[in-house]
Every structure is written in C-alpha cells, then in structure tokens.
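Asks: Need coordinates for the below:
(one chain, ligands or ions: 1)
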Amino acid sequence: MTTTQDVQALEARHVLQTYKRQPVVFVRGDGTRLYDAEGRAYLDFLSGIGVVVLGHAHPGLAAAIADQANTLIQTSNLYFHPLQGQLAARLAALSGLQRAFFCNSGAEAVEACLKFARRYWFSQGVKDRTGFVALKHGFSGRTMGALSVTSNPGYREPFEPLIPGVTFVSPDDVTALEAAMTDRTAAIIAEPIQGEGGVRPLSPEFAAAIARVTKDTGTLLIADEIQCGLGRTGSAFHYQSLGWSPDLVTVGKAIGSGVPVGAALVAEHVAGKIFAGDHGTTYGGNLLAMRSALYVLEQLTGTTEAVPYAGGGLIGHVREVGAVFGDRLEGLRSKHPVVQGVRGAGVMRGLELSIDAQPVVEGALKAGLIVNRTAERVVRMLPPFTVTVAEIDEAVGILDRVLSDTQA
Ligand SMILES: Cc1ncc(COP(=O)(O)O)c(C=O)c1O
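Replies: Take a look at the predicted model:
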C-alpha cells in the first residue's frame, strides 16, 4: 500500500515545490467527507477551495461526466458543438450579461476580462484608456495579468514588472477610489466579498461608490465572482445584492464542481467591441467542461425534477443552511474571546481571530475538520453547497474544542 510518507517522498523529488502542503494524502471523497490514505475520515469545509459545490463523488455529476466522456470530450473552438450555447444561455439568464467566453480556470477568466476591457476602449479609438483600479486585499489569480490586479506584495514582487497602470485603493476609502479614477482607467476590478484577502465583504458604502464612479465616468466594472459567485452566498451572484450592473463578470471554481471550467461573462455593449481573433484557448468550452457545468447549474437552480432541494435548488438550500452557519459561528464568537469577528455570507465564512489562524487550522485537521487560513488571522470555510445543518454542527463543535485547546 502507498503510504503518506511514500507520497510525500516522491513529490519532494519530482514536483515543483510551489505549495506548502498539509501532511495528509486524500484518496477518496463522498459528499462532505474526504478519506486519507490511512482510511481516516475528515469533514471537508473547504471543498477544494470553494470548488466542489455538489460534494465529492456526486453520482449525478459522475454519470454526466462518464456519459460525455463516452460521447465526445473535445473538438476545439474551430467548430460548433451543442453545449457552449446552452451553458452561455443559462449563465445569461442568471447574470443578465448576455454573452460568455469559456476558459479553464479563474485566472484565465480574469485575463480575458482585462483584455476585453482594454479592447472595449481600443475599438472605440481610445487607445490610452488601459489602466485598472483594483482593491487592497484583492486576489484575482497568479498569471501575469491577474497578478497585476492582485494586491499581495509577496505574490507580486518576485515577478515584477507586471502590467503597468494598476492603482490599488483601500476598500474603506471612497476618496481614494475617486482620486484613482482617471481618463486612462479602463476598468475597476473588485471581488464583492474578498476571499483570499480574509473573507471581507465590501461595505455597502464602498460598493455604492464603485457603482457611482463607474457610472459617472463610463469606466467598466469587472465583478470577480470566482470565489463568492454562483450561489455560494445564497444568491446567483453576490454583486446582485450590492446593486451593481457589472459590464464583465468572472466565473470559476463552483461552476464545474471540480471539473476545470472558467468563464468571462460579457455585457452586450462590451461584446459588440470584441471581434473574431481577439482571444482564444484550445480547451475552453470543451464538451466535458460544458456538460459538467450544465449539470451543476441545473442543481444550483433546481431546473430539473431530479434536484432534491425544493424551492430554488441548491442556491435556496445555501440560503437556509448559510443562516444557521452564521448563527453557529456567532455562538463561537460569544464563547471564545480569541474570535473577534464572523465574516461573510451563506457558506462563505471567515472567523477573524486575534491570533495567527494556523494553529487552529492544524488543530482542526488533526481533529478531522478541513478549513484553511487566509490573511494570517482568518479561518476560512467554504463547504460544499450540499452541506447539512448536522454537518455544520459537527464542524462548529470541532472548532469549539480546538479554540478552547488553542487558548489554553
Ligand atoms: C476571487 C478570485 N479570483 C481569481 C482566482 C483565481 O482562480 P484560479 O485559482 O482558478 O486561477 C481566485 C482563486 O482563488 C479567486 O478567489
């Protein structure tokens, strides 16, 4: 049998060491549970960093993937196939943005949106409107363009120079936002809830200021919904609860529930300024990805009879269990002085601690609960959308014990 030590030793020799992994090897999953190489069960409250929204080894998704793999996986974007249009239409109905460009990851969706924003101005002869305004604590990915609008200096500095003309403003500072907007700004990019930055929702005032300055100046708004979107907070897209009408929306993570899929959603007035040859990708929109995402969206919205969640599919379920989750975490806050705040919405939650979150994350893992640390002092939780109240109680019970031990 391959042991945890065997796996670690082989990786140490041959896998590029860009990740600092926890010492556990997962080999199997089932719903909200993961199982390690030694057969131990864990409650998964991270779901592959906000990805596996239907839970692990979902039989319906597995059947859809198998059926598609037995039929046709990839044909390239040189030809038509039936599924891209179907998925784009579903996403248009959910978002109000008419068109989709499909890719394979979140960072690629961000790259596409940055290019489309510049192209929008270029097509109108405005060739110097190339800059971006992004937010402090914001994270939009690790490729060169996405990294350019990601604020963490530790991620950025070794790879500079990045794309020029990006200004970062603090999400508390409306005056700085107004000052950052110039006649060279192509677009603002913002996560409605900053995920990697510590599960920080934008304040209603700042969100309203973004809506106002983009409207007043014609600057495009890119809502980065890769982590908070597609039902995670209990609405199809979180920007909808902020009153935004973004011109571009990035989608990733949840859309494939583990199958790599990304999308840039594009409003019609922007789409009209983008032309054949402006962007492309070999795998983007392949049949396996589209079939998986169509299946996921059916589950999210409850558009088939087979969906076991009455009244709005899984998104409705997230609203219900998300409220319970928030209450239970507030309970932890009242009990443990080290918990300073409960952040987020739905099943995107962060516990802000007064101490480094790493010992809590490691203690939870030892106790059979998977969560992670972000922004140093935040315990982040992104369980599958299928999570039950019983599982939430179990997870919060584990955190309760770990927090007691950590403070002792
Ligand atoms: C808000 C946001 N944007 C972009 C990305 C990048 O996505 P990916 O890791 O799929 O490239 C992430 C990933 O965590 C994210 O949370």
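
Asks: My guess is residue 382 contacts residue 47. True?
Replies: Yes: using C-beta atoms under 8 Å, residue 382 is in contact with residue 47, at 5.7 Å. All C-beta atoms are positioned from the backbone trio N, CA, C, and that covers glycine.

Asks: Where does the chain get nearest to the ligand, which residue?
Replies: Of all residues in the chain, the one sitting closest to the ligand is residue 106 (2.2 Å; C-beta to the nearest ligand atom).

Asks: ok, now which ones touch that residue?
Replies: 140, 141, 146, 226, 227, 250, 252, 253, 262 (C-beta atoms under 8 Å, 6 or more residues apart in numbering).

Asks: one more time with 6 Å
Replies: Residues counted as contacts of residue 106 (C-beta atoms under 6 Å, 6 or more residues apart in numbering) are 141, 226, 252, 262.

Asks: quick one: pLDDT of it?
Replies: Per-residue confidence (pLDDT) for residue 106: 98.

Asks: Identify the residue spatially nearest to it, adjacent ones excluded.
Replies: residue 252 (3.2 Å; C-beta to C-beta, 6 or more residues apart in numbering).

Asks: just the strands in the stretch 201-350 of the chain please.
Replies: Assigned by DSSP state E, counting those that start in this stretch, the stretch 201-350 of the chain shows strands spanning 220-224, 248-251, 262-266, 339-345, 348-353.

Asks: Kindly reformat these as JSON lines containing distance to the ligand.
Replies: Formatted as JSON lines, these follow (distance: least, C-beta to the nearest ligand atom, whole Å):
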{"stretch": "strand 220-224", "distance to the ligand": "5"}
{"stretch": "strand 248-251", "distance to the ligand": "6"}
{"stretch": "strand 262-266", "distance to the ligand": "7"}
{"stretch": "strand 339-345", "distance to the ligand": "13"}
{"stretch": "strand 348-353", "distance to the ligand": "10"}
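
Asks: so which of those strands comes closest to residue 11?
Replies: Closest to residue 11 of these, according to C-beta to C-beta: strand 262-266, at 26.2 Å.

Asks: ok, residues contacting that closest one?
Replies: Counting by C-beta under 6 Å, 6+ apart, 91, 95, 97, 99-106, 108-109, 112-113, 248-249, 251-252 sit against strand 262-266.

Asks: can you list the residues of the chain near the ligand?
Replies: Within the chain, the positions adjacent to the ligand are 49, 105-107, 110, 139-141, 191, 195-196, 224, 226-227, 252 by C-beta under 6 Å from any ligand atom.

Asks: Assumed residue 182 was part of a strand.
Replies: No: if the criterion is DSSP: H, G, I helix; E, B strand; the rest coil, then residue 182 is coil and not within a strand.

Asks: which residue packs closest to it, ignoring adjacent ones?
Replies: residue 131 (7.0 Å).

Asks: Quick one: low-confidence residue ranges for the stretch 51-200 of the chain.
Replies: The model of the stretch 51-200 of the chain has no residue with pLDDT under 70.

Asks: Filter the residues of the chain next to the ligand down to the buried ones.
Replies: Among the residues of the chain next to the ligand, those classed as buried by neighbour count (16 or more other C-beta atoms under 10 Å) are 105-107, 110, 139-141, 191, 195-196, 224, 226-227, 252.

Asks: No further questions, thank you.
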